[in-house]
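In: Can you look at this prediction? I've put the sequence above it.
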Amino acid sequence: MNRLIMIRRRPFWVALVLTLAVSLSILPVARAIGDSGALPPTAIRITPPAPAFDNAKRLDELAARRKHVAETIGPKATAVFFSADPRVYTNDVDYPFRQENNLFYLTNLNQKRATLIVMPGNPSLPEVLFLPRRSPAAETWTGHMYSPQEVAQLSGIKEIWEASEFEPFINALRKHEVYRPINPDNILLSKAGSSASNANASDSLIDAASKNEATLYLLANFPREGESHEYRQEQRFAANWTKDTGFTIQNAAPIFAAMRLRKSPMETEILQHAIDISIEAHERAQAFAAQAKWEYEVDAQIAYTFKLRNADNWGYPDIVGCGPNATTLHYEEVQDPVKQGQLLLMDVGAEYGHYSADVTRTFPVNGKFSKEQAEIYQIVYDAQEAVARVAKPGGSLSTNHNAATDVIKDGLLRLGLITDRNSDQYRIWFMHGTGHWLGMNVHDVGGGARFEPGMTFTNEPGIYIRLDALDNLPKTSDNEKFIAAVKPAFEKYRGLGVRIEDDMVITPEGVRWMTGALPRSIADIEAFIARARRELK
């Protein structure tokens, strides 16, 4: 997938209903390849069990992340991290809650209205989590709220105050004063008792603020995450933080961009599980596609698999486009017919444990590539292979893109779809980047960093022969000559769209294909579809 789509196409449960309602022919798929089905799966890979981690090691990793933040901002600074705002679907119906990435990265806490404050200069109170007090009435309507003890078990944070204490705490900090909770019951959990918790902000922080030398770190917008949407709380908070407080406001986002770029072994395992779920979804959908009449029937197989394997959700709305729809990079309608003899492009990835997969396959609905389909597909496949050869420590996403582009230019020239390898003509047919960082966002943070072991990214070249591509070129004499030269090839390949996308992790030696279990070559795709569809009969 080439960009993050923030608005979902339809509620997730609608796709699940379609799984059961769209066609009785879907049911044999579940029976044939489910864990308890009568036919044991041989072609379709069932997702392995979710990873399990030693809790002490997990808490150590969370503590190390918070320590890194504290060391980065220093003793004359404080950082405030808010929970995500609930998002309204319509009227009084909300979307499922998803925690803000960076607060989750530090706490593993999926709780609304939680706020974390980090104060490196205060050894007695280096971090405080403000938590809503449990309410039996609220839990009757919306379910379980975390207790302080549960939060400590999840996050390792031992200093937990009631959420109502956040505002007076901050007001005191603005005035360079020590704040002491009036009601000791609002200190929900303390590692050293309420008297120690009352110490509040450090002398070094308050002293720095009194000299106009203190810094307040807040999360501003990441690229692609939307300044006016995801970080509205931070914007309101910053707007109310007047200049006479002695604090300069700094963006905490670059700190997390550097931290999240290189994945720990634990993170890589979580991401691998999201990928494994996605692989099974792709294979189920490929096996079923020949029976489908509509794109949404294929999409229902994907939604079913995500729910069956306990994915959090999708990492981005599914892209399932047949025939010319495959030439639209982010085709969202998923409403058109599935036709024999056409290619079907599926760009789908599950989210699990706050980490998103991003996987694309293009395959023939009837299970066999035509000559023209295979010619386009092979160029894209070879471009992927070229990326894998150059992806290693010290490389970059730009290096990857250049390697893929060289192969695609050669292929397009060979097929007659461009006339000049050294021009930008290839961009008519390949108009996006070859990959992006992958992690807590499907398009994750990282910028132009050089590759290091543990970094995860996508490898996704493509070729798209849009039906109206030549019609939309500017009317110039050069373009008229170009159109005349490529028109025969265009007519031969028009309407074909191919993208292949795999998820990769940098290793000390080069790269590992995290999606390597999903068939990718022409021969492997055709063989898989034949085996899988035999299982469904």
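Out: Nice, thanks for sending it over.
In: State the distance from V80 to N441.
Out: With distances defined as Cβ to Cβ, to the nearest Å, the gap from V80 to N441 amounts to 21 Å. Yep, even glycine has a C-beta here, placed from its N, CA and C like the rest.
In: wait, Y426
Out: Remark: distance between Y426 and N441 (Cβ to Cβ) = 28 Å.
In: Buried ones in the one helix or strand R284 maps to, by neighbour count?
Out: Per DSSP states H and E, R284 falls inside helix 265-288. By neighbour count, with 16 or more other Cβ atoms under 10 Å as the criterion, the buried positions of helix 265-288 are 267-288.
In: next structured bit after it?
Out: From helix 265-288, the next helix or strand downstream (DSSP H and E) is helix 295-308.
In: other SSEs contacting that following helix?
Out: helix 12-21, helix 265-288, strand 313-314, strand 319-322, strand 343-348 (3 or more Cβ pairs under 8 Å, 6 or more residues apart in numbering; DSSP states H and E).
In: rerun that using 6 Å as the cut-off
Out: Using 3 or more Cβ pairs under 6 Å, 6 or more residues apart in numbering; DSSP states H and E as the contact criterion, the secondary-structure elements in contact with helix 295-308 are helix 12-21, helix 265-288, strand 319-322.
In: Out of these, the one nearest G246 is which?
Out: Nearest to G246 among the helices and strands packed on helix 295-308 is helix 265-288; the distance by Cβ to Cβ comes to 37.2 Å.
In: contacts for the closest one?
Out: Contacts of helix 265-288 with the rest of the structure, by Cβ atoms under 6 Å, 6 or more residues apart in numbering, involve 29, 44-45, 47-48, 50-51, 53, 298, 301-302, 305, 309, 311, 346, 349-350, 352-353, 355, 357, 359, 361, 363, 503, 514-515, 517-518, 529, 532-533.
In: Narrow those residues to those that are buried.
Out: When burial is judged by neighbour count using 16+ other Cβ under 10 Å, the buried members of the contacts of helix 265-288 are 29, 44-45, 47, 298, 301-302, 305, 309, 311, 346, 349-350, 352-353, 355, 357, 359, 361, 363, 503, 514-515, 518, 529, 532-533.
In: hey, where'd the helices end up in the stretch 151-300 of the chain?
Out: If you assign secondary structure with DSSP state H, counting those that start in this stretch, the helices in the stretch 151-300 of the chain sit at 166-174, 194-197, 203-210, 232-239, 253-261, 265-288, 295-308.
In: I'd like those helices laid out as a markdown table, including distance to P86 and mean pLDDT.
Out: Rendered in a markdown table, the data for these read as follows (distance: least, Cβ to Cβ, whole Å; pLDDT from 0 to 100):
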| stretch | distance to P86 | mean pLDDT |
| --- | --- | --- |
| helix 166-174 | 17 | 93 |
| helix 194-197 | 29 | 44 |
| helix 203-210 | 31 | 87 |
| helix 232-239 | 11 | 89 |
| helix 253-261 | 22 | 97 |
| helix 265-288 | 24 | 98 |
| helix 295-308 | 22 | 98 |
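In: closest to R466 out of the ones you listed?
Out: Of all these, the one in closest proximity to R466, counting by Cβ to Cβ, is helix 295-308 (18.0 Å).
In: so how far is I319 from the residue nearest in space to the middle of the chain?
Out: When the chain is reduced to its mean C-alpha position, the closest residue under Cα atoms, centre = their mean turns out to be V442, at 2.3 Å. Using Cβ to Cβ, one obtains 12 Å as the distance from V442 to I319.
In: next structured bit after the helix or strand where R65 lies?
Out: Of the helices and strands defined by DSSP H and E, R65 is found in helix 55-73. Tracing the chain C-terminally past helix 55-73 and defining elements by DSSP H and E, one meets strand 77-82 next.
In: Would you mind pulling the contact partners of that following strand?
Out: Residues outside strand 77-82 that contact it (Cβ under 6 Å, 6+ apart) are 73, 103, 115-119, 215-218, 233, 252.
In: on that earlier part again, and P453, which of the helices of the stretch 151-300 of the chain is closest to it?
Out: Distances from P453 to each of the helices of the stretch 151-300 of the chain were compared using Cβ to Cβ; the minimum, 10.3 Å, belongs to helix 265-288.
In: so where's the stretch 351-500 of the chain shaky on pLDDT?
Out: Scanning the stretch 351-500 of the chain for pLDDT under 70 picks out no residues.
In: Can you show me the helices along it?
Out: When secondary structure is read from DSSP H, counting those that start in this stretch, the stretch 351-500 of the chain shows helices at 371-390, 397-415, 477-493.
In: Quick one: the ones you listed as JSON lines, columns for mean neighbour count and distance to Y331 too.
Out: Output for the helices of the stretch 351-500 of the chain, formatted as JSON lines (neighbours: other Cβ atoms under 10 Å; distance: least, Cβ to Cβ, whole Å):
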{"stretch": "helix 371-390", "mean neighbour count": "19", "distance to Y331": "17"}
{"stretch": "helix 397-415", "mean neighbour count": "19", "distance to Y331": "21"}
{"stretch": "helix 477-493", "mean neighbour count": "14", "distance to Y331": "19"}
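In: Those: which one's closest to F457?
Out: helix 397-415 (6.5 Å).
In: Buried by neighbour count, from the contacts of strand 77-82: which ones?
Out: For the contacts of strand 77-82, a neighbour count by 16+ other Cβ under 10 Å gives the buried set as 73, 103, 115-119, 215-218, 233, 252.
In: which one of these sits closest to F369?
Out: For F369, the closest of the buried ones among the contacts of strand 77-82 turns out to be L103, at 46.4 Å, with distances computed as Cβ to Cβ.
In: where's that closest one, which helix or strand?
Out: helix 101-107.
In: thinking again about what came up before, now the residue nearest to the centre of the chain: how far from A274?
Out: Distance, V442 to A274, by Cβ to Cβ: 10 Å.
In: Now for K191, how many residues are close by?
Out: Counted with other Cβ atoms under 10 Å, the neighbours of K191 add up to 13.
In: Tell me who's in contact with it.
Out: For K191, the set of contacting residues under the criterion of Cβ under 6 Å, 6+ apart consists of K158.
In: change it to 7 Å
Out: When contacts are counted by Cβ atoms under 7 Å, 6 or more residues apart in numbering, K191 is found next to K158, E159.
In: so what pLDDT did it get?
Out: At K191, the predicted lDDT confidence score is 75.
In: That one and M119: what is the separation?
Out: Using Cβ to Cβ, we find K191 at a distance of 15 Å from M119.
In: Distance of D94 relative to W141?
Out: Going from D94 to W141 by Cβ to Cβ gives 12 Å.
In: Which residue of these two possesses the greater neighbour count?
Out: Summary of the neighbour comparison: D94 and W141, criterion other Cβ under 10 Å, with D94 having more neighbours (12 against 7).
In: wait, that one sits on R87?
Out: Yes: D94 sits in contact with R87 when judged by Cβ atoms under 7 Å, with a separation of 6.4 Å.
In: list residues touching both of these two?
Out: Overlap between the neighbourhoods of D94 and R87 is empty, taking contacts as Cβ under 7 Å, 6+ apart.
In: mind giving me the domain split of this protein?
Out: Listed domain ranges for the chain are 12-40+263-536, 55-251 (source: automatic domain parsing).
In: Of those, which stretch is the most buried?
Out: Across the domains of the chain, averaging neighbours per residue (mean count of other Cβ atoms under 10 Å) puts domain 12-40+263-536 on top, at a mean of 19.
In: Noted, bye for now.
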